[in-house]
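[1] A predicted structure for the sequence below; I have some questions about it.
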Amino acid sequence: LDTPMEFQIISEEDENGQLLVSIKRIEYKKAWEKVLSMAEEDQILEAKVIAVNRGGAICLVEGLRAFLPGSHLTGQLPDE
C-alpha cells in the first residue's frame, strides 16, 4: 500500500504474536473532536438526513449518527 495510516491497538498480542488494531476507532475519535470543536466555536453543522421517524430525523454529522428532534426542524418532512 505504501500509504501511512493511523490505527489504535485494541488488544494484546495473541499466541501468534498478532495485534488487533482499529482504524474506525481513530476516525470516530477524530469525528467527535471535530464536532465538539465546531460546537465550541458555535459553527453551523451540515448534516445529511438518512432517516425520518415520528420524533424527528436521524442525520450524519462528520460520519456520526445524530438525532434531530422534530421540534427543531423547519419546513415539511417528506412523506414516506
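    Looks like it came in fine. Owing to the predicted nature of the structure, the values given are computational and were not obtained by experimental measurement.

[2] Any idea how many residues pack against the residue nearest to L19 when sequence neighbours are not counted?
    Take L19 and drop its neighbours on the chain: the residue closest to it by Cβ to Cβ, 6 or more residues apart in numbering is I9, 5.3 Å away. Where C-beta positions appear, they are placed from N, C-alpha and C, glycine not excepted. Using other Cβ atoms under 10 Å, I9 is surrounded by 11 other residues.

[3] ok, I9 - contacts?
    L19, L20, V21 (Cβ atoms under 8 Å, 6 or more residues apart in numbering).

[4] Same check on L20?
    With Cβ under 8 Å, 6+ apart, L20 has these contacts: I9, I10, S11, D14.

[5] same thing but at 6 Å, please
    I10, S11 (Cβ atoms under 6 Å, 6 or more residues apart in numbering).

[6] where's the residue nearest to L19 relative to Q18, distance?
    11 Å (Cβ to Cβ, to the nearest Å).

[7] So for the residue positioned nearest the centre of the chain, what's the pLDDT?
    The centroid of the chain falls nearest to L64 when counting by Cα atoms, centre = their mean (1.9 Å). Looking at L64, its pLDDT reads 93.

[8] I figured it was touching A31, is that so?
    Yes - L64 is in contact with A31 according to Cβ atoms under 6 Å; the separation is 5.2 Å.

[9] remind me which residues of the chain are low pLDDT?
    1, 75-80 (pLDDT under 70).

[10] residue boundaries of the strands in it?
    In the chain, the segments counted as strands under DSSP state E are 8-9, 21-22, 48-53, 56-61, 64-69.
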